[in-house]
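Trainee: Task: produce atomic coordinates for the following.
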Amino acid sequence: MGWLGYFIGKSKNLHELNITRFEQLNGNVVVPFFNGVSRNRSITKLALDDVDLLNGSIFTALDPFFEYNKKLVTLSISHCDWGDEGSRLLALALSSCKNSSLTKLFLVSNNFEGVDIITALSMHRQLQEIDFEENLLRKKWVYSNGNVTATLGYSIADS
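Mentor: Numbers count the residues shown, from 1 in each chain. Next up, the predicted model:
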């Protein structure tokens, strides 16, 4: 899989990368793949659905992608159970992201609390669409960047 990640990383014409049901592979296979992907600078949409993110360590491998890809518009991660540590690692990756083109962030059904991610969003005032449905947010968070106001969760006690 590392070779496929390498070619994805080298591509100058790949605009959308959708990865679905990338599971039951160990870290020795998955991490080299994402290390290769992290070198890509042309992807405008990255979508991960039902992917084993190895408790978020994939976000560490993708850190250079978030930092150097200036064309990423949409990040969508759904049905990936990464937990609190993964939430922290994604927040670190988003914090290193100096990407002013990121306008859409969809983190749906991922089983995380998200406090770190919500804090990291304060650096991304250009976000226009945000969806945090079906996660473990313990209270209702409201994110506002002047252009958009989004409700990022609900109280578990209310459900």
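
Trainee: Leu46: neighbouring residues, count only.
Mentor: When neighbours are counted by other CB atoms under 10 Å, Leu46 registers 21. Yep, even glycine has a C-beta here, placed from its N, CA and C like the rest.

Trainee: So for the helix or strand hosting it, what gets flagged as buried?
Mentor: Using DSSP states H and E, Leu46 maps to strand 45-49. Residues 46-49 are the ones in strand 45-49 that count as buried (16 or more other CB atoms under 10 Å).

Trainee: What of stretch 85-94?
Mentor: 86-94.

Trainee: Identify the farthest-apart pair in these.
Mentor: Greatest spacing in the buried residues of stretch 85-94, by CB to CB: Gly86 and Leu94 (12.3 Å).

Trainee: pretty sure Tyr6 contacts Ser38?
Mentor: No - with contact defined as CB atoms under 8 Å, Tyr6 does not reach Ser38; the gap is 10.7 Å.

Trainee: Between those two, which has more neighbouring residues?
Mentor: Under the criterion of other CB under 10 Å, the comparison of Tyr6 against Ser38 puts Ser38 first, with 22 against 16.

Trainee: Check the closest residue to Phe34 other than its chain neighbours and give its pLDDT.
Mentor: In this structure, Phe34 finds its nearest non-sequential neighbour in Ala61, 4.0 Å apart by CB to CB, 6 or more residues apart in numbering. What the model reports for Ala61 is a pLDDT of 93.

Trainee: For Ala61, give me its contacts.
Mentor: Residues near Ala61 by CB atoms under 8 Å, 6 or more residues apart in numbering: 31, 34-35, 38.

Trainee: a markdown table for those residues, including distance to Ser78 and secondary structure?
Mentor: Below are the contacts of Ala61 laid out as a markdown table (distance: CB to CB, whole Å; DSSP: H, G, I helix; E, B strand; the rest coil):
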| residue | distance to Ser78 | secondary structure |
| --- | --- | --- |
| Val31 | 21 | helix |
| Phe34 | 17 | helix |
| Asn35 | 23 | helix |
| Ser38 | 20 | coil |
